[in-house]
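Trainee: Sequence isn't available, so here's the structure alone:
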């Protein structure tokens, strides 16, 4: 249903380095580079970062949350580790999240501008 998403960033090159590392375990790579925007994806840009030079950090209470699908729990683990190694913060370590309808495995990170990004997979067991 959603074709692509974008997040604002205050420093395009810093965020490009962060997202290149963080999205790689999910199979997304940099596909498009323009002066004020970079698109990541598998075959077409699905996730964009857009320069907003005067942007204040995203407020923690903003409710902004983007979730990306991972193939395996190992991919979720690698996403989380890559984000931390690239300067992000953990907002929820990888693990099972029980829910009333479905069990899922996820990790949450905060990027350098405080955007909240999640990776999720749905293990069969």
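Mentor: Done, it's in. Bear in mind that the values here come from a model prediction, so they are computed numbers and not experimental data.

Trainee: got the buried residues for the helix or strand harbouring residue 13?
Mentor: Using DSSP states H and E, residue 13 sits within helix 12-23. For helix 12-23, the neighbour count (16 or more other Cβ atoms under 10 Å) marks 12, 15, 16, 18, 19, 20, 21, 22, 23 as buried. (Each C-beta comes from the backbone N, C-alpha and C, glycine too.)

Trainee: just checking, what packs against it?
Mentor: For helix 12-23, the packing partners by 3 or more Cβ pairs under 8 Å, 6 or more residues apart in numbering; DSSP states H and E come out as strand 29-34, strand 37-41, strand 45-51, helix 73-85.

Trainee: strands paired with the first one, and their directions?
Mentor: Under the criterion DSSP bridges, strand 29-34 sits next to strand 37-41 (antiparallel) in its sheet.

Trainee: what residues does the partner strand touch?
Mentor: For strand 37-41, contacts defined as Cβ atoms under 8 Å, 6 or more residues apart in numbering pick out 4, 6, 12, 15-16, 19-20, 23, 28-33, 45-51.

Trainee: list the buried ones in that strand?
Mentor: By neighbour count on 16+ other Cβ under 10 Å, the buried set for strand 37-41 is 38, 39, 40, 41.

Trainee: Arrange those in CSV, one row each, with distance to residue 89 and pLDDT as further columns.
Mentor: As requested, the buried residues of strand 37-41 are exported to CSV (distance: Cβ to Cβ, whole Å; pLDDT from 0 to 100):
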residue, distance to residue 89, pLDDT
38, 21, 98
39, 24, 98
40, 20, 98
41, 25, 97
